[in-house]
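Trainee: using only what follows, build the 3D model:
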Amino acid sequence: MFSLERWQEILETISKNRLRTFLTGLSVASGIFILVILLGFGQGMQNGISKEFEQDASNRISVYTGVTSVGYKGLNPGRFVEMTNEDYDYLITKYEDDLQFKSSVYRIWSGILSFKNESGSYRVEGVYPDYQFLENASLTEGRFINYSDQDSKAKVIAIGNKVKQDLFKDKSPIGEQVQINGINFKVVGVYTDPGGEREETRVFLPLSTAQRVFGGADKVNNLGFTLTPKGTFQDALAQSLRFSEEIEVFLKERHLISPDDTSAVNVNNTLENAKRFYDLIWMIKTFFWFVGICTLIAGIVGVSNIMLIIVKERTKEIGIRKALGAQPLSIVSMILQESIFVTTIAGFSGLIVSMGLLELIGPNLEMDYIRNPSVNFNVAITTVFILVIAGALAGFIPAWRASRIKPIAALREE
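Mentor: Numbering: from 1, shown residues only. Predicted coordinates:
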């Protein structure tokens, strides 16, 4: 039941001890502030990592080769390993039922693109049509290369949005003839990539065309695959790891590479990388929660100590109240209300300041692996209510002690 006199008494008590009340509230507000900021940056790290993985398909497996570091079967170390169309054809045939998207890549580094008076150096890659989905690219105009282009070795290209802006400005490039190192190609599509401008400075053409026109013979630089999705992440990860291992074993056997060589064949598994990153994020978030909760506990202990001091200071007053017939519940209620009031005001103050700060700087903060730090409002408000309950519990012990004071002993208290 609301009692105006009781609240006037609480406010009067607080006003008499402004500095002590302020410092107590500050410790509680600081606890909430630190917890919310830490949780916000934990979420920002998760957003940043997720953004990095958006650049390509989330379950992509990329294979590329390097130089052998170990001699094997009479062959000296230092050989550069070159994959071929046969490697790719064998893998897509053997794992046909497991593959979702697949493509090999032949790169022409620093291809010079020219259109009328405009020109620029871009990365040119011969790929299969599925490469659009491996790169998580979306078309803004026209189409991507298709299997008809691959079979006919057509001189067609799909260009990134940045290439379009550089060479064509606001004009549509669809159907226009562009020269790559002096050879004419027809633009059939424009794509955009979540990886940003760096990923949009590439030009894709059919693999068969790239190998024929630019002297690639049957060589490829990279293999890319995604597997058919499984029901659970753990099943998908197990399948992905098994597939990655089998690819590495096959390529080492085919190209006479020592099983102990760690540099000649490299398999990058984004699912495995994602698991490592998200495990790390989980540990960081857990640590943030631990630090934040410890800070809150320190604030709650401060509230409890202050309530004990208040009870000590008001011992004689409490004794008089009991001598005049005040019930123990009334004494407990008086102390608890003050504890809950201080905790609630301080908790919501810390929440408002921290949420406001995240709202102000969050959308503008774009660091490596940290993007738009924020906190779910429901989580934050739940934390404050838990804090208020904890504040009530912190005040209960002093309140209970106050209710057990004997009037005679209280009146003798100096």
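
Trainee: so, low pLDDT: which residues of the stretch 101-250 of the chain?
Mentor: The model of the stretch 101-250 of the chain has pLDDT under 70 over residues 231-233.

Trainee: try it again at 50.
Mentor: Within the stretch 101-250 of the chain, no stretch has pLDDT under 50.

Trainee: F133: how many residues sit nearby?
Mentor: Residues lying near F133 (other C-beta atoms under 10 Å) number 18. Every residue, glycine included, has its C-beta placed from N, CA and C.

Trainee: let's verify it: helix, strand, or coil?
Mentor: helix (DSSP: H, G, I helix; E, B strand; the rest coil).

Trainee: for the closest residue to it other than its chain neighbours, phi and psi?
Mentor: With C-beta to C-beta, 6 or more residues apart in numbering as the measure, F101 is the residue that lies nearest to F133, at 4.6 Å, once sequence neighbours are left out. When quoted as degrees, to the nearest 10, the phi and psi of F101 stand at phi -130, psi 150.

Trainee: which parts of the stretch 51-200 of the chain are strands?
Mentor: All strands of the stretch 51-200 of the chain, identified by DSSP state E, counting those that start in this stretch, fall at 60-65, 83-84, 99-115, 118-127, 138-142, 156-160, 177-180, 183-192.

Trainee: now do the helix or strand hosting F204 against strand 156-160, angle only.
Mentor: Under the criterion of DSSP states H and E, F204 resides in strand 202-206. Inter-element angle recorded for strand 202-206 and strand 156-160: 160 degrees (by axes from the mean of the first three to the mean of the last three C-alpha atoms, to 10 degrees).

Trainee: name every strand pairing with strand 202-206 and say which way it goes.
Mentor: On the basis of DSSP bridges, the sheet neighbours of strand 202-206 come out as strand 118-127 (parallel), strand 156-160 (antiparallel).

Trainee: and the contacts of the longest one?
Mentor: Going back to what we said before, that points to strand 118-127. With C-beta atoms under 8 Å, 6 or more residues apart in numbering as the test, strand 118-127 has contacts from 103-113, 131, 145, 160, 163, 166-168, 180, 201-211, 214, 216.

Trainee: check the gap between K116 and G175 for me.
Mentor: As for K116, its distance to G175 is 14 Å (criterion: C-beta to C-beta, to the nearest Å).

Trainee: before we move on, which element is the residue positioned nearest the centre of the chain in?
Mentor: Centre of the chain computed as the mean C-alpha position; nearest residue by C-alpha atoms, centre = their mean is Q46, 2.0 Å away. For Q46, the enclosing helix or strand under DSSP H and E is helix 18-54.

Trainee: which residue sits closest to I281, ignoring its sequence neighbours?
Mentor: Q46 (5.3 Å).

Trainee: got it, and L35?
Mentor: Computed as C-beta to C-beta, 6+ apart, the closest residue to L35 that is not its neighbour in sequence is G292, at 3.0 Å.

Trainee: I257 is in contact with Y72, correct?
Mentor: Yes - when contacts are counted by C-beta atoms under 8 Å, Y72 is listed as touching I257 (6.2 Å).

Trainee: just want to know which of those two has more residues nearby.
Mentor: Neighbour count, other C-beta under 10 Å: between Y72 and I257, I257 has more, with 23 against 18.

Trainee: what residues does the residue lying closest to that one once chain neighbours are set aside make contact with?
Mentor: In space, I257 comes closest to A264 once its chain neighbours are excluded; the distance is 4.6 Å by C-beta to C-beta, 6+ apart. Contact criterion C-beta under 8 Å, 6+ apart gives 65-69, 79, 81, 252, 255, 257-258 as the residues in contact with A264.

Trainee: now do the residue nearest to I281 against I370, distance only.
Mentor: When distances are taken as C-beta to C-beta, Q46 and I370 turn out to be 9 Å apart.

Trainee: cool, D193 as well?
Mentor: Applying C-beta to C-beta, one obtains 21 Å for the distance of D193 from I370.

Trainee: who's more crowded, these two?
Mentor: Between D193 and I370, counting by other C-beta under 10 Å, D193 is the more crowded of the two (22 against 18).

Trainee: list the residues that contact the more buried one.
Mentor: So D193 contacts 55, 135-138, 160-161, 199-200 (C-beta under 8 Å, 6+ apart).

Trainee: narrow these to those that are buried.
Mentor: Neighbour-count burial (16 or more other C-beta atoms under 10 Å) applied to these gives 55, 135-137, 160-161, 199-200.

Trainee: nearest to E338 among the residues you listed?
Mentor: Q55 (55.0 Å; C-beta to C-beta).

Trainee: report pLDDT for the closest one.
Mentor: Listed pLDDT for Q55 reads 54.
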